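> Let me see the structure of the following:
(2 chains)
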Amino acid sequence: EVQLVQSGAEVKKPGESLRISCKGSGYSFTSYWISWVRQMPGKGLEWMGRIDPSDSYTNYSPSFQGHVTISADKSISTAYLQWSSLKASDTAMYYCARQPLAMVTFDPWGQGTLVTVSS
Amino acid sequence: QSVLTQPPSASGTPGQRVTISCSGSSSNIGSNTVNWYQQLPGTAPKLLIYSNNQRPSGVPDRFSGSKSGTSASLAISGLQSEDEADYYCAAWDDSLNGKDVVFGGGTKLTVL
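Okay, here's the model as predicted:
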């Protein structure tokens, strides 16, 4: 079964750093991109960016460029999303999703990681 | 403000046919395929329609997609109570920076 399993919920303070993870299984991890999608409380889906795990090439949405870093470790089939300095406005659910090369077909999705940033 | 425009809400009674629209431009829907996602309450989104009108295995044929010019539509026939969810369209957008993924703002479907 193709599966993406994300790390657990996080509660952080403003200014702290954070890295969340997304582990793929049941398929060749380097044959598909991984995208990250943000969903703020009560709001819609926003694409943040994607990574090609085979060569770690990344592409970011202009809205998120410079605010987050996407990386991957193909040896353990895991992609990451990280922040160096969190803000309260980063409070959201974050999903990873598998993406066939050059398509917008996100399937499957991870279960989501809730990040809460509060002082 | 989302790049793709969807109505914020839609509704129907059990058994009815409902359509949800998704409007874009020449840089996204007009030149790329459209995908639809269903998000049931409290769960992760799920792929519903890909490449404008293709259903993944396991998706009932009550769900269908279409595209014309810079707009796309999702149709749900024989509406059921379990179809109550948020629905999102998505497509590539050919920007100056290359290709970005854009989503619609989402449509909340209520089964009356």
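> in stretch B:98-112, what counts as buried?
Buried residues in stretch B:98-112, defined by neighbour count with 16 or more other Cβ atoms under 10 Å in any protein chain shown: B:99-109, B:111. For the C-beta atoms, the positions are set from N, CA and C on the backbone; glycine is no exception.
> Ok, stretch A:31-38 next?
A:32-38.
> next one: stretch B:4-12
Buried-residue list, stretch B:4-12, by 16+ other Cβ under 10 Å: B:4, B:6, B:10, B:12.
> which residues sit against that stretch?
If you take Cβ atoms under 8 Å, 6 or more residues apart in numbering or on different chains as the criterion, stretch B:4-12 is touched by B:18-24, B:28-29, B:76, B:79, B:87-91, B:102-112.
> export that stretch as CSV, just CAs?
Written as CSV, here are the backbone C-alpha positions of stretch B:4-12 (Å, rounded to 0.1, in the frame of the first residue of the first chain):
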residue,chain,number,x,y,z
LEU,B,4,-8.8,29.7,-9.4
THR,B,5,-12.4,30.8,-8.5
GLN,B,6,-15.0,28.5,-7.0
PRO,B,7,-18.3,29.3,-5.4
PRO,B,8,-17.9,29.2,-1.6
SER,B,9,-20.9,26.9,-1.2
ALA,B,10,-23.3,24.6,-2.9
SER,B,11,-26.1,22.4,-1.8
GLY,B,12,-28.6,19.7,-2.9
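> From the rest of the structure, what touches the helix or strand hosting A:Leu114?
Using DSSP states H and E, A:Leu114 sits within strand A:113-117. Contacts to strand A:113-117, defined as Cβ under 8 Å, 6+ apart, come from residues A:6-14, A:16, A:18, A:20, A:86-95.
> same thing with stretch B:54-69?
Against stretch B:54-69 from outside (Cβ under 8 Å, 6+ apart): A:107, B:29-30, B:33-34, B:36, B:47-50, B:52-53, B:72-78, B:80.
> and the worst-scoring helix or strand of chain B on mean pLDDT, which strands flank it?
Sorting the helices and strands of chain B by mean pLDDT, DSSP states H and E puts strand B:98-103 at the bottom, at a mean of 90. With DSSP bridges as the test, strand B:98-103 is paired with strand B:85-95 (antiparallel).
> buried set for the partner strand?
So, applying 16+ other Cβ under 10 Å, buried residues of strand B:85-95: B:85-94.
> and whichever strand or helix holds B:Ala75, is it in reach of chain A?
Assigned by DSSP H and E, B:Ala75 belongs to strand B:71-76. No: Strand B:71-76 is not in contact with chain A by Cβ under 8 Å from any Cβ of the partner chain; minimum separation 12.2 Å.
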